[in-house]
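Peer 1: sequence below, structure please.
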Amino acid sequence: MTRMYRLIALSLLVAGPAVADDKATIDTCEKGKKAILAEEAKGRCKAEAAEVKALTCSPTTAQQVTDLVTKCNASGPPKCRALDAADSKTVLAEAADKLSTQCAKLLVEKLQQTWCTADNKGKKLDYMTDFDHVLGAGKWAKPVKGSKQAFTCKTPSK
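Peer 2: Below is the predicted model of the structure:
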């Protein structure tokens, strides 16, 4: 072999694993970006998605994306709220669950505990539901719409 071929072979042996590590790091970074953008489509992790959109995957930015994925996963399940029917802004109760139907059940339980006192027995509470949940995925994802609900206190909570 000539000197030139030896030099090329040596440089490939030394630089080859580093290039493979960089590619794996960039692939992991891209998967992390896709995961955060998928969560954004579900109505979650909006701040993390905004940060991720500004980043270009490289070995230097991969750790930032990993940190954003961790932060997004730690944010917990989507929430649902019972809002005052008069202004639709005042939060009466809040619950969190992965499923919107289960979240609504938890919300009614919380209203039962907080609103049903001896003074309110037999009274009706009108409220609006508000959900962070999303039905479907990708371009078919649609937010769960809240609606006007009524709750009658039958027995006082303890």
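Peer 1: show me where the chain has helices.
Peer 2: Along the chain, counting by DSSP state H, helices occupy 3-41, 46-54, 62-73, 100-115.
Peer 1: relative to residue 91, which of those is closest?
Peer 2: helix 100-115 (10.8 Å; Cβ to Cβ). The C-beta positions use only the backbone N, C-alpha and C, and glycine is treated the same way.
Peer 1: packing partners for the closest one?
Peer 2: Applying 3 or more Cβ pairs under 8 Å, 6 or more residues apart in numbering; DSSP states H and E, we find helix 100-115 packed against strand 79-84, strand 91-96, strand 124-131, strand 148-152.
Peer 1: so of these, which one's packed in deepest?
Peer 2: For those, average neighbour numbers computed from mean count of other Cβ atoms under 10 Å are highest in strand 79-84, which has a mean of 20.
Peer 1: in stretch 114-127, what counts as buried?
Peer 2: Buried residues in stretch 114-127, counted by 16 or more other Cβ atoms under 10 Å: 115, 116, 125, 127.
Peer 1: OK, contacts around the first one?
Peer 2: Contact analysis of residue 115 by Cβ atoms under 8 Å, 6 or more residues apart in numbering lists 92, 93, 125, 151, 153.
Peer 1: if we go to 6 Å?
Peer 2: residue 125 (Cβ atoms under 6 Å, 6 or more residues apart in numbering).
Peer 1: quick one: pLDDT of it?
Peer 2: Note on residue 115: pLDDT of 85.
Peer 1: for residue 87, find the nearest of the helices of the chain.
Peer 2: Among those, helix 100-115 comes nearest to residue 87, with 16.9 Å by Cβ to Cβ.
Peer 1: so the closest one versus strand 124-131, what angle?
Peer 2: If you take axes from the mean of the first three to the mean of the last three Cα atoms, to 10 degrees, helix 100-115 sits at 140 degrees to strand 124-131.
Peer 1: and helix 100-115, how far out from the chain middle?
Peer 2: The chain centroid and the centroid of helix 100-115 are separated by 21 Å, computed with Cα atoms, centre = their mean, to the nearest Å.
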